[in-house]
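Asker: Build me a model:
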Amino acid sequence: MCGRFALTAGPDQTAAFLGLDEVEEFPARYNIAPTQPVLMAIAAPPRAPGSNLPERRTLLVRWGLIPGWAKNPGDLPLLFNARSETAAEKASFKAAMRHRRALIPASGFYEWKRIGNKQSQPYWVRPKAGGIVAFAALMETWSEPGGSEIDTGAILTTNANPEFSAIHDRMPIVIQQQDFARWLDCRFQEPRDVADLLRPAEPGFFEAIPVSDKVNKPANTGPEIQERAEPVATAPVERPKKAAVDPDPGQLTLF
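Answerer: Down below sits the predicted model:
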């Protein structure tokens, strides 16, 4: 899954990565959590022949998709992730998967490895080569009963690659730059046409750095939460004690 991520690159770097002339100014964000606004790229409206308008545009959306048919979002779980294997069939995601595929730029994400029954070790997971990645995402606009609209989104996940599965069994899907146009093209590319992009990152693409539990609190938003920390010690596993064996099963006992 992907429950926290960061975007610390500047607007110019982010715009160049997404193939845009510019994006609006925004501060570095080190601990982005569900329900917060996130930057998203979607396909722009169809262009006239010879037009110089960009092929895509950016907008801010609430991280946590609300299906268009929802009457009361409070009755639904917080849909900040969508399983790519079933998104095209699930009622909550199938319309967005067909009509509103998107990209979320990120500098990396955080994941927690379970240690024993009560502890977990957070990791800052970033591209080993540096730079920005684009998570496969879905966008949906929800209309409130009063008439106002909220743009919302979710990150698509898949089974973790063998390397990352030591930390968690799911990971966000990364769309490579050469595939941006195909992924975002919802006019001519149906979900089945882009299914080959819904795969885990290649082993070695990411590196995972153990960090402190400061990242657990969304209120901690500084760069110090990405500093390397000593991993949580693995708790010894208590094994059940073997029952004592009577050396002579036929021997009588007073107890």
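
Asker: now the protein, which segments are flagged as low pLDDT?
Answerer: Counting by pLDDT under 70, the chain contains low-confidence ranges at 47-54, 234-255.

Asker: what does the longest helix along it contact?
Answerer: Ranked by number of residues, the top helix in the chain under DSSP state H is helix 11-18. With contact meaning C-beta atoms under 8 Å, 6 or more residues apart in numbering, helix 11-18 is reached by 7, 9, 21-26, 39, 41, 56, 58, 103, 105, 131-132, 134, 177, 180. The C-beta positions use only the backbone N, C-alpha and C, and glycine is treated the same way.

Asker: taking the residues you listed one by one, which sit in helices?
Answerer: Per DSSP H, the subset of the contacts of helix 11-18 in helices is Phe180.

Asker: Which ones among the contacts of helix 11-18 map onto strands?
Answerer: Among the contacts of helix 11-18, the residues falling in strands (DSSP state E) are Leu7, Leu39, Ala41, Arg56, Thr58, Leu103, Pro105, Ala134.

Asker: what sits against the third one?
Answerer: Which is Ala41. Contacts of Ala41 (C-beta under 8 Å, 6+ apart): Leu18, Leu20, Arg56, Arg57, Thr58, Ala102, Leu103, Ile104, Pro105, Ala134, Phe180, Leu184.

Asker: Could you say which of those is surrounded by the most neighbours?
Answerer: For the contacts of Ala41, neighbours were counted using other C-beta atoms under 10 Å, and Ala102 has the most, 29 neighbours in all.

Asker: so how far is Arg114 from that one?
Answerer: 30 Å (C-beta to C-beta, to the nearest Å).

Asker: And for Ile150, the neighbour number?
Answerer: Using other C-beta under 10 Å, the number of residues around Ile150 comes to 14.

Asker: Then Asp193?
Answerer: Quick note: Asp193 (other C-beta under 10 Å) scores 12 neighbours.

Asker: you'd agree it is in a helix?
Answerer: Yes: Asp193 sits within a helix when classified using DSSP: H, G, I helix; E, B strand; the rest coil.

Asker: Ignoring the adjacent residues along the chain, who's closest to it?
Answerer: In this structure, Asp193 finds its nearest non-sequential neighbour in Arg182, 7.8 Å apart by C-beta to C-beta, 6 or more residues apart in numbering.

Asker: so the one you found sits in a helix?
Answerer: Yes: Arg182 forms part of a helix when assessed by three-state DSSP.

Asker: For it, list the residues it contacts.
Answerer: By C-beta under 8 Å, 6+ apart, Arg182 lies in contact with Gln189, Asp193, Val194, Leu197.

Asker: so which of the residues you listed comes closest to Tyr110?
Answerer: Leu197 (23.5 Å; C-beta to C-beta).
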